[in-house]
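[1] When you get a sec, could you give me coordinates for this:
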Amino acid sequence: MVVFDVDGTLIGGEAADWTSFEDAFTEAAGFALDERFFLGLQEVTAQSIVHEALAACPLEERKIKERAVCRGYLQRLEAAHRTHTGSFQATAGAHDLLRELRAQGVPVAIATGDWRETISFKLRASGLPIEGLPMVTSSEYLRRADIIAAAVALAGRTLDEALYVGDGLWDLRATQALGIPFVGVGHRREKLRAAGAPHVLADLTPGPFLQAREATLRARR
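    Have a look, this model is predicted:
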């Protein structure tokens, strides 16, 4: 089966995305996140970012502020989309790839480090054909590895059947922790290659992706 990350993988718009998140966090928490904070993060999910940044606060306060960040984030995403309807376009090839995988009977799921409300909005804005796909988000789990494992289980599959597609070093680390193959995509390709990702693609055009998937299947045999 194939499990997809969303931001930077199935869809673009990361500039508007991160600006919306950071502004929402600043409004809810009363201080801004800086580059040093992000460089020190081991887990990069919406929930983990908020809880790590507010680690000095009691758990209940963190949860309340997490919900406030999520609400503010969604409002800003909606405003960004109203201003520019192409803010969250599907990655090149994503539409065709999802259709091709379905036509081949390959199980597909979504595992994202974003919250359910915000990622659902961005996916709707992208127009991708994701109806009926199992999806697990950072609304349910803090750690990306747990999100991926839960998405595989929700699809009724096992980890030894799974391949994960993502764009970040945190995606690669999660798959290494789970012991499953990884295909990289997006603008961090050189960093992914340097970190040891064996298959890194510019986009999700079906031909190259299916070749990479077949290579991972052969390596497992």
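[2] can you point me to the longest helix in this protein?
    Ordering each helix of the chain by length in residues (DSSP state H) puts helix 59-83 first.
[3] what packs against that helix?
    If contacts are counted by 3 or more CB pairs under 8 Å, 6 or more residues apart in numbering; DSSP states H and E, helix 59-83 sits against helix 14-29, helix 46-53, helix 116-126. Glycine gets a C-beta too; all of them are placed from N, C-alpha and C.
[4] Can you tell me which of these is most buried?
    Stretch with highest mean neighbour count among the helices and strands packed on helix 59-83: helix 46-53 (a mean of 22; mean count of other CB atoms under 10 Å).
[5] Endpoints of stretch 182-199, how far apart?
    Using CA to CA, to the nearest Å, the end-to-end distance of stretch 182-199 comes to 7 Å.
[6] picking that back up, give me the angle between the longest helix of the chain and helix 46-53.
    130 degrees (axes from the mean of the first three to the mean of the last three CA atoms, to 10 degrees).
[7] what about the closest residue to residue 212 other than its chain neighbours, how many neighbours?
    Leaving out its chain neighbours, the residue that sits closest to residue 212 by CB to CB, 6 or more residues apart in numbering is residue 199, at 4.0 Å. Neighbour count for residue 199, taken as other CB atoms under 10 Å: 21.
[8] Next, format the helices and strands packed on helix 59-83 as a markdown table and append distance to residue 71.
    A markdown table is the format used below for the helices and strands packed on helix 59-83 (distance: least, CB to CB, whole Å):
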| stretch | distance to residue 71 |
| --- | --- |
| helix 14-29 | 8 |
| helix 46-53 | 12 |
| helix 116-126 | 8 |
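[9] want to throw the ones you listed into TSV with distance to residue 86 and mean pLDDT?
    Listed next are these as TSV, based on distance: least, CB to CB, whole Å; pLDDT from 0 to 100:
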stretch	distance to residue 86	mean pLDDT
helix 14-29	10	94
helix 46-53	23	96
helix 116-126	9	96
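[10] out of those, nearest to residue 158?
    Of all the helices and strands packed on helix 59-83, helix 116-126 sits nearest to residue 158, with 24.0 Å by CB to CB.
[11] From the contact counts, what lies against the closest one?
    Applying 3+ CB pairs under 8 Å, 6+ apart, one finds that helix 116-126 contacts helix 59-83.
[12] buried residues in the lowest-mean-pLDDT helix or strand in the chain?
    Within the chain, no helix or strand scores below helix 35-39, which has a mean of 89 by mean pLDDT, DSSP states H and E. By 16 or more other CB atoms under 10 Å, helix 35-39 has no buried positions at all.
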